[in-house]
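# Quick one, structure for this:
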Amino acid sequence: MPLLSLWTGMRMGECCQLHVDDVTTLDGVPVILIDDAGEPGADEADKKRVKTVAGKRFVPVHPELQRIGFLVFAEAMRGRGEKRLFPELKPDALGYLSGPFSKWFNDKRRFIGKLDMDVKGVAFHSFRHNYRDALREAEIGLERVRALGGWRRDSEGEEAIYGKGLKAATLYREIEKVGYAGLDLTHLHTHGS
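Just a heads-up that it's a prediction; the model follows:
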């Protein structure tokens with residue numbers, strides 16, 4: 001999930017609630033659907049949420065995520081008959097899948113505390129901040145940045161949005177520009193990717 005957030009800007013809750021059907025294709029491009037659509041009568045853990053109206057979006061699957069096998073993983077979960085992309089996540093008492101993951105991620109004895117670096121001020125949301133910085137560094141226009149990250153200026157209302165929005169192929173060309181200098185993930189690349 002950290003890599004998913006780093007390459008898509010997804011919030012922790014958005015990552016945790018993904019269903020296998022949220023990984024799909026639009027305009028011939030692999031995308032992740034981020035929305036609050038759910039099945040009628042779903043239990044609390046299967047209710048999907050987005051933080052804002054602008055948070056409802058799709059994000060193309062970055063080529064680096066493809067190289068490390070994200071699409072293969074999603075297809076494997078689909079083949080196993082899983083509903084959720086990360087079925088090992090169990091909801092907390094409030095029904096949130098992100099609660100237990102957040103505790104694991106931030107626990108000094110588990111994930112973040114085991115990193116051999118100064119992690120003061122680092123949280124899962126830091127991946128989203130890094131993604132926004134990477135979009136700026138790639139000189140991606142503001143309208144496309146907003147579409148890719150689900151951001152909207154507070155002063156904009158729904159009437160400011162006209163048309164159907166940007167196509168998946170257009171956003172894919174933009175997300176291909178996103179990179180992180182010095183980050184080498186070749187050891188995670190799968191064969192045939």
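
# For residue 64, list the residues it contacts.
7, 185 (CB atoms under 8 Å, 6 or more residues apart in numbering). For the C-beta atoms, the positions are set from N, CA and C on the backbone; glycine is no exception.

# do that again at 10 Å, thanks
3, 6-7, 70, 175-176, 178-180, 183, 185-186, 188-189, 193 (CB atoms under 10 Å, 6 or more residues apart in numbering).

# in its sheet, what does the longest strand along the chain sit against?
In the chain, taking DSSP state E as the definition, the longest strand is strand 29-34. For strand 29-34, sheet partners with direction are given as strand 23-26 (antiparallel), strand 57-60 (antiparallel), following DSSP bridges.

# Of those, flag the one that's most buried.
strand 57-60 (a mean of 23; mean count of other CB atoms under 10 Å).

# Show me which positions of the helix or strand following it end up buried.
From strand 57-60 onward toward the C-terminus, using DSSP states H and E, the following helix or strand is helix 63-67. By neighbour count, with 16 or more other CB atoms under 10 Å as the criterion, the buried positions of helix 63-67 are 63-67.

# picking up where we left off before, and the longest strand of the chain, how far out from the chain's middle?
Relative to its parent chain, strand 29-34 has a centroid offset of 10 Å by CA atoms, centre = their mean, to the nearest Å.

# want to throw the strands paired with strand 29-34 into CSV with distance to residue 89 and mean pLDDT?
Converted to CSV, the strands paired with strand 29-34 look like this (distance: least, CB to CB, whole Å; pLDDT from 0 to 100):
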stretch, distance to residue 89, mean pLDDT
strand 23-26, 16, 96
strand 57-60, 20, 90
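
# which one of those strands lies closest to residue 168?
With distances scored as CB to CB, the stretch of these nearest to residue 168 is strand 23-26 (3.9 Å).
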